[in-house]
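Peer 1: Whatever this is, show me its structure:
(2 chains)
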Number of protein chains: 2
Amino acid sequence: MTDETVRRRGRPRRTEAGSADTRDRILAAAREEFSERGYEKTSVRGIAKTAGVDPALVHHYFGTKEQVFQAAVETVFAPALSAPDVIFEGPDDEIGERFARFLFGVWENPVTRTPLLAVLRSAFTNEIAAAVFRRLIAGQLLRRVAGRLGLPDAELRAELAAAQLVGVAVMRYVIKLEPLASTDVEVIVKRVAPVVQGHLTGP
Amino acid sequence: MTDETVRRRGRPRRTEAGSADTRDRILAAAREEFSERGYEKTSVRGIAKTAGVDPALVHHYFGTKEQVFQAAVETVFAPALSAPDVIFEGPDDEIGERFARFLFGVWENPVTRTPLLAVLRSAFTNEIAAAVFRRLIAGQLLRRVAGRLGLPDAELRAELAAAQLVGVAVMRYVIKLEPLASTDVEVIVKRVAPVVQGHLTGP
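Peer 2: Residues are numbered from 1 along each chain as shown, chains lettered A, B, ... in the order given. Predicted coordinates:
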């Protein structure tokens, strides 16, 4: 992976160019390692090797393996975490469709799907990875959606809506159930959007 | 695990008592190994050791590791695979509630939850395990539900309904998102049942 791609997908450039490059290179290596090996089999040493730096530098920039994982996950989820702005731009009775359309956009794009799958898989099989996923998804994306809704049970509503979308993603992209896996995404959005809408703003 | 519990949860008793016991003991050991280690780290040798038999016997009764896994998964899913009968007993407009109630019954019971989690986790991280899950869930449970519905797109409908239920299960029991993880199961059934109903029999 070149510095160019790293920068485009990674964090904003720092004032001190050298350290920003190193940081980005470590993050790109971490995403690669976690994707390929999963959380448990990935080591700080392995990430350092892939990034071409000393393991001490990984610790210096990020700390523990859990903290590297969290930083790598954050960069993967950065677009999703800024989603509420997109989701709430437009009529209230189309929130469900915009939410569904946004998430399937992320899933249908192979560039964003691969790291997302890696994160999901790690979260399903490792308690520390699950905790990171929980803090980021619940603590940031869903709580922000819930905050905008302002309804009683808004957090539970946002989680049930997310559960429908995550469930479809798991069945379609991980388990690859047919006919779901090869059904046109527009057909799925059409069936799933009213469910998401109902969870978020229904009775 | 005693022979008694194995028999209660396992396959029906065979005519030849000795071989049925051995078979059940191997299956119980397989469930235990797959639960603890996941698909990839489990070996036929390890299953044989836990069962106290020669590895050749495991191969004799079941064949390859994939086939042992499939047999172990089948016994875990045996109650779920016979679910359509329960789900379709009663008024048509309460199918969603019966489907949701049945699945949460399986999930809320720690005895059935643990092996189910192991199977789900294996299916998320291993392609062979995913294929087994696919054949059993899609090929048996969902296709039977779809067959009874007799609607156009019945298979897709059954899969989207299952996606809502699997999504909630993943968020509640695997990722343990709050407030979803500690919300009373009756509250969840009440919110999820109309969604399942809508997928199965709605417009």
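Peer 1: What count of nearby residues applies to residue A:193?
Peer 2: For residue A:193, the neighbour count with other Cβ atoms under 10 Å in any protein chain shown is 20. Where C-beta positions appear, they are placed from N, C-alpha and C, glycine not excepted.
Peer 1: Stretch A:139-146 - what's its average pLDDT?
Peer 2: The average of the pLDDT scores along stretch A:139-146 is 81.
Peer 1: Three-state assignment for the closest residue to residue A:52 other than its chain neighbours, please.
Peer 2: Distances taken as Cβ to Cβ, 6 or more residues apart in numbering or on different chains place residue A:25 nearest to residue A:52, at 7.2 Å, with adjacent residues excluded. Following DSSP: H, G, I helix; E, B strand; the rest coil, residue A:25 is assigned to helix.
Peer 1: Now do residue A:25, the pLDDT please.
Peer 2: 94.
Peer 1: ok, now residue A:21?
Peer 2: The per-residue pLDDT reported for residue A:21 equals 88.
Peer 1: Residue A:44 now?
Peer 2: 96.
Peer 1: which residues sit in contact with it?
Peer 2: A:55, A:58-59, A:64-65, A:68 (Cβ atoms under 8 Å, 6 or more residues apart in numbering or on different chains).
Peer 1: Buried ones from those, can you make that a ChimeraX selection?
Peer 2: Entered in ChimeraX, the line below selects the buried ones among the contacts of residue A:44, by 16 or more other Cβ atoms under 10 Å in any protein chain shown:
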select /A:58,65,68
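Peer 1: Pick out the most distant pair among the contacts of residue A:44.
Peer 2: Farthest-apart pair in those is A:55 and A:64; separation 12.0 Å (Cβ to Cβ).
Peer 1: give me the residue from chain A nearest chain B.
Peer 2: Going by Cβ to the nearest Cβ, chain B is nearest to residue A:167 of chain A, at 2.5 Å.
Peer 1: My guess is that residue contacts residue B:159. True?
Peer 2: No - with contact taken as Cβ atoms under 8 Å, residue A:167 and residue B:159 are classed as non-touching, separated by 9.7 Å.
Peer 1: neighbour-wise, which of those two wins?
Peer 2: Remark: of residue A:167 and residue B:159, residue B:159 carries more neighbours, 30 against 24, as counted by other Cβ under 10 Å.
Peer 1: How about the secondary structure of the more buried one?
Peer 2: Going by three-state DSSP: residue B:159 is helix.
Peer 1: wait, it sits on residue A:180?
Peer 2: Yes - using Cβ under 8 Å, residue B:159 is in contact with residue A:180, at 4.3 Å.
Peer 1: The most centrally placed residue in chain A: which element?
Peer 2: Closest to where the C-alpha atoms of chain A average out (Cα atoms, centre = their mean) is residue A:77, at 3.4 Å. Element membership for residue A:77, per DSSP states H and E: helix A:65-81.
Peer 1: List the buried residues in that helix.
Peer 2: Buried residues in helix A:65-81 (16+ other Cβ under 10 Å): A:65, A:68-77, A:80.
Peer 1: repeat for stretch A:106-113
Peer 2: A:106-107, A:112.
Peer 1: is that stretch anywhere near chain B?
Peer 2: No - using Cβ under 8 Å from any Cβ of the partner chain, stretch A:106-113 stays clear of chain B, coming no nearer than 12.9 Å.
Peer 1: For that stretch, list the C-alpha coordinates in PDB.
Peer 2: Output in PDB follows, covering the C-alpha atoms of stretch A:106-113 (Å, rounded to 0.1, in the frame of the first residue of the first chain):
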ATOM      1  CA  VAL A 106     -20.600   0.900   2.600                       C
ATOM      2  CA  TRP A 107     -21.200  -2.900   2.400                       C
ATOM      3  CA  GLU A 108     -21.500  -3.100  -1.400                       C
ATOM      4  CA  ASN A 109     -18.200  -1.300  -1.900                       C
ATOM      5  CA  PRO A 110     -15.400  -4.000  -1.700                       C
ATOM      6  CA  VAL A 111     -12.900  -1.400  -0.500                       C
ATOM      7  CA  THR A 112     -15.000  -0.700   2.600                       C
ATOM      8  CA  ARG A 113     -16.500  -4.200   2.900                       C
END
